[in-house]
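K.L.:
Sequence first, predicted coordinates after that:
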Amino acid sequence: MQSFRLPFFLTILMLCCLAVAEPPAVATSSATHETRQQTETGNNSPFNTQAELPVYPPDDPTTLAARTSKRIDSAVHDHPMRFMGAISILFVLLVVLLLVCLGNKCSRICRMEEQLNKDELTGLPNMEKLKSLCAGLLTTQVTADYMLLSGDICQFKTINDQFGFGMGDRLLQAYASILQRNVLPEECCARISSDLFVLLLRFESWEQLAARIREMDNELDEWRKKQALPYTVRTVYGAYHVPKAQQYDVQLMLDMANYARLEAKRSSGIPMVLYNERMRQEALLCQELNGKLDEALNSGEIEVWHQAKVDMRTGTIVGSEALVRWNHPQRGLLLPGSFIPLFERNGLVTGIDFYVFEQTCRSLRSWKVRNLPLHPVSCNFSRLHFERPNFTQRLADIADRHGVPRHLLEIEITESAIMNNPDAVWVQIVQLKEMGFKTAIDDFGAGYSSLGIAQMLDTDCLKIDRSFIQRDLPGIRAQIVLGNIIRLADDLGMNVICEGVETAEQSAIIMKLGCYTAQGFFYAKPEPTHDFEARLAMQGM
């Protein structure tokens, strides 16, 4: 319909012009007679002859321009009202035409703005639209309590990789439809990027909010079953409780929710985590430390500390564990939990592990030269090492270069690393034992397949996780579980060490259950290498 509007108005305009330009015949004849008289008078003028000036021929009255001009003049003179009416009609038509053009332009602008503020795949608002929606809701709903949620779909990458991007797109569209059905009029939701969704929901209680997220997850999983996808589809969310303030910075609130979302992704099995300031500080610390590891290793900021392993019956040192610390020039002493997870995610943790192992070999060589008591020292290694076939050979090369007997070096493997790739770990443990190294399963009991690990892996030592010691050890049930683990390890020919022993009561119970080696604050705290050497020297006297 719009394509015919312009020709229609042009046709009306041409008809108006023709109506105005058709004067009566009498007026035309009179005008022609007057023109001829004026021409004859002009040609016979004595002024032109006396002045001897050149005489220009008059305009030809037969030309189209002359005839049109005379007709218009005559029409204006003879029919002024008709002429004014035509002008008025023309003006109205021009105004209407301008209004139609302006309306079309406004409509196109609105459609463009709608497309710019909408996610093309799912139809949900995008980031810019989300900011305006959140600001509007938080400003108008002043008495309501809100929670800003940032979440993503846990299995999205796996589905994309195995079933193609088309299935991934359908998954996003299905979840967007679920959100639209479950979000109330005084709430909003948006898709920010890839599988990242943001929701601003009314908050009544944490249980009520978690129930809403579970309900949407169940709907998504029902859709997954209809699509015959083999993976359970779940989401993970970070939550930020919106303060009731006058000014709302939506981007800042979203950043806080993202900190909590990343924490939730690292905390396996937790679908939603509430933001706290510690998360932001840890994220800022990670940003600061990232890229400075090489400088810290070269400048000696990365230090190796030792924590003694003690025979509880005599109090003598029977070994130690090498631990890493970062002596940061501005932030002071940083514990492993503040930087190891960062470097494990970006793969640089392997450099730290080899650095600690080499420094341990240097210390053992130094203790041997100074005739200090020599005991096995255990070193932790990330799961990333066990995916590399040259790992065991590199350890052997480092130990041989420093002249350290391999039986003085114990390689600790965490239970989580074993569960990540049990076959690869089994091969590496066999190779380590063949090369003369000792091996140990660290944090035993922290996972869900501990008994299977103990049966599968032939290691020298079993380090029982501190959670067994800290969790109601005086209770009968706890002692039954711990006692059976100790007897199981003994039957399999493994030494047992209990970690996290902090009281004399815990020490007495553990010895009663048949374990005599412990590591914990009750006997010795982690300490710098030179302090641990002094402890060794005191024992050797």
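P.N.:
All right, it came through fine. Numbering: from 1, shown residues only.
K.L.:
Could you list the low-pLDDT ranges of the protein?
P.N.:
1-62, 64-66, 75-76, 79, 83, 107-116, 245-247, 268, 446-452, 540-541 (pLDDT under 70).
K.L.:
and R278, how many neighbours?
P.N.:
10 (other CB atoms under 10 Å). Every C-beta, even on glycine, is put in place using the N, C-alpha and C of the backbone.
K.L.:
Give me the longest strand you can find in the chain.
P.N.:
strand 317-328 (DSSP state E).
K.L.:
residues of that strand that come out buried?
P.N.:
For strand 317-328, a neighbour-count test (16 or more other CB atoms under 10 Å) marks I317, V318, G319, S320, E321, A322, L323, V324, R325, W326, H328 as buried.
K.L.:
Those: which two are farthest apart?
P.N.:
Pairwise distances across those (CB to CB) peak at 32.7 Å, for the pair V318 and H328.
K.L.:
tell me the contacts of E204?
P.N.:
E204 makes contacts with D145, as judged by CB atoms under 8 Å, 6 or more residues apart in numbering.
K.L.:
Could you look up the SS state of it?
P.N.:
Put simply, E204 is coil when judged by DSSP: H, G, I helix; E, B strand; the rest coil.
K.L.:
Sketch out the strands for the stretch 301-450 of the chain, chain order is fine.
P.N.:
302-311, 317-328, 332-334, 377-380, 409-414, 438-444 (DSSP state E, counting those that start in this stretch).
K.L.:
Walk me through which strands the shortest one pairs with, and which way each runs.
P.N.:
With DSSP bridges as the test, strand 332-334 is paired with strand 317-328 (antiparallel).
K.L.:
Same check on the last one?
P.N.:
According to DSSP bridges, the neighbouring strands of strand 438-444, each with its direction, are strand 409-414 (parallel), strand 461-464 (parallel).
K.L.:
so which of those strands is the most packed in?
P.N.:
strand 461-464 (a mean of 25; mean count of other CB atoms under 10 Å).
K.L.:
starting at the chain centroid, how far to the longest helix belonging to the chain?
P.N.:
In the chain, assigned by DSSP state H, the helix with the most residues is helix 80-116. Relative to its parent chain, helix 80-116 has a centroid offset of 49 Å by CA atoms, centre = their mean, to the nearest Å.
K.L.:
do stretch 243-263 as well
P.N.:
So, by CA atoms, centre = their mean, the centroid of stretch 243-263 is 14 Å from its chain's centroid.
K.L.:
contact partners of it?
P.N.:
By CB under 8 Å, 6+ apart, stretch 243-263 touches 130-131, 134-135, 138-139, 142, 145, 148-152, 198, 236-240, 242, 273-276, 279-280, 283.
K.L.:
Of the residues you listed, select the buried ones using a ChimeraX command.
P.N.:
Of the contacts of stretch 243-263, the buried ones can be selected in ChimeraX as follows, counting by 16+ other CB under 10 Å:
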select :130,131,134,138,148,149,150,151,152,198,236,237,238,239,240,242,273,274,275,279,283
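K.L.:
Okay, and which of the contacts of stretch 243-263 map to helices?
P.N.:
L130, K131, C134, A135, L138, T139, M279, R280, A283.
K.L.:
Apart from its chain neighbours, what residue comes closest to the fifth one?
P.N.:
Take L138 and drop its neighbours on the chain: the residue closest to it by CB to CB, 6 or more residues apart in numbering is Y248, 4.8 Å away.
K.L.:
How many residues are close by that neighbour?
P.N.:
Residues near Y248, counting by other CB under 10 Å: 19.
K.L.:
Does it fall in a helix, a strand, or a coil region?
P.N.:
coil.
K.L.:
what does the host helix or strand of R191 rub up against?
P.N.:
Here R191 sits within strand 188-193, counting by DSSP states H and E. Here strand 188-193 makes contact (CB under 8 Å, 6+ apart) with 119, 121-122, 124-127, 129-130, 133-134, 137, 172, 176, 179-180, 183, 197-200.
K.L.:
ditto for stretch 306-314
P.N.:
By CB under 8 Å, 6+ apart, stretch 306-314 touches 316-323, 375, 377, 497, 501, 507, 510-511, 516-519, 523-527, 529, 532, 535.
K.L.:
switch to 6 Å and redo it
P.N.:
317-321, 507, 511, 516, 518-519, 523-524, 526, 532 (CB atoms under 6 Å, 6 or more residues apart in numbering).
K.L.:
cool, and stretch 139-154?
P.N.:
Outside stretch 139-154, the residues touching it (CB under 6 Å, 6+ apart) are 186, 195-203, 234-242, 253, 257-258, 261.
K.L.:
Tell me the secondary structure at the residue nearest the centre of the chain.
P.N.:
Residue closest to the mean C-alpha point of the chain, counted by CA atoms, centre = their mean, is N258 at 6.6 Å. What three-state DSSP gives for N258 is helix.
K.L.:
of all the strands paired with strand 438-444, which lies closest to L229?
P.N.:
strand 409-414 (31.7 Å).
K.L.:
okay, the angle between that closest one and strand 302-311?
P.N.:
Per axes from the mean of the first three to the mean of the last three CA atoms, to 10 degrees, the angle that strand 409-414 makes with strand 302-311 is 90 degrees.
K.L.:
how far out from the middle of the chain is strand 409-414?
P.N.:
34 Å.
K.L.:
Make CSV from the contacts of stretch 306-314 and add distance to V369 to it.
P.N.:
Converted to CSV, those look like this (distance: CB to CB, whole Å):
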residue, distance to V369
I317, 19
V318, 22
G319, 20
S320, 18
E321, 22
S507, 34
M511, 36
Y516, 31
A518, 30
Q519, 27
Y523, 27
A524, 24
P526, 24
F532, 16
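K.L.:
returning to that earlier point: now render the ones in helices among the contacts of stretch 243-263 as TSV, adding distance to V430.
P.N.:
As requested, the ones in helices among the contacts of stretch 243-263 are exported to TSV (distance: CB to CB, whole Å):
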residue	distance to V430
L130	54
K131	57
C134	57
A135	61
L138	61
T139	66
M279	41
R280	45
A283	40
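K.L.:
how about those residues, which pair is most distant?
P.N.:
T139 and A283 (28.8 Å).
K.L.:
re the thing from before, just the buried members of the contacts of strand 188-193?
P.N.:
The neighbour count (16+ other CB under 10 Å) marks 119, 122, 124-127, 129-130, 133-134, 137, 172, 176, 179, 183, 197-200 as buried among these.
K.L.:
tally of neighbours for the residue nearest to S363 when sequence neighbours are not counted?
P.N.:
Leaving aside its sequence neighbours, S363 sits nearest to T529 (CB to CB, 6+ apart; 5.8 Å). Neighbourhood size, T529 [other CB under 10 Å]: 19.
K.L.:
Contact partners for H402?
P.N.:
C361, R365.
K.L.:
got the angle between whatever helix or strand L262 lives in and strand 188-193?
P.N.:
Per DSSP H and E, L262 falls inside helix 250-266. Helix 250-266 and strand 188-193 meet at an angle of 70 degrees, taking the same axes, to 10 degrees as the criterion.
K.L.:
could you dump helix 250-266 to PDB, C-alpha only?
P.N.:
Provided in PDB are the C-alpha atoms of helix 250-266 (Å, rounded to 0.1, in the frame of the first residue of the first chain):
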ATOM      1  CA  VAL A 250      23.500  -2.100  36.300                       C
ATOM      2  CA  GLN A 251      27.000  -3.000  34.800                       C
ATOM      3  CA  LEU A 252      28.600  -2.900  38.300                       C
ATOM      4  CA  MET A 253      25.800  -5.200  39.700                       C
ATOM      5  CA  LEU A 254      26.300  -7.600  36.800                       C
ATOM      6  CA  ASP A 255      30.000  -7.700  37.400                       C
ATOM      7  CA  MET A 256      29.300  -8.700  41.000                       C
ATOM      8  CA  ALA A 257      26.900 -11.400  39.900                       C
ATOM      9  CA  ASN A 258      29.500 -12.700  37.400                       C
ATOM     10  CA  TYR A 259      32.000 -13.100  40.300                       C
ATOM     11  CA  ALA A 260      29.500 -15.300  42.100                       C
ATOM     12  CA  ARG A 261      28.800 -17.200  38.900                       C
ATOM     13  CA  LEU A 262      32.400 -18.100  38.400                       C
ATOM     14  CA  GLU A 263      32.600 -19.200  42.000                       C
ATOM     15  CA  ALA A 264      29.600 -21.400  41.400                       C
ATOM     16  CA  LYS A 265      31.200 -23.000  38.400                       C
ATOM     17  CA  ARG A 266      34.300 -23.800  40.400                       C
END
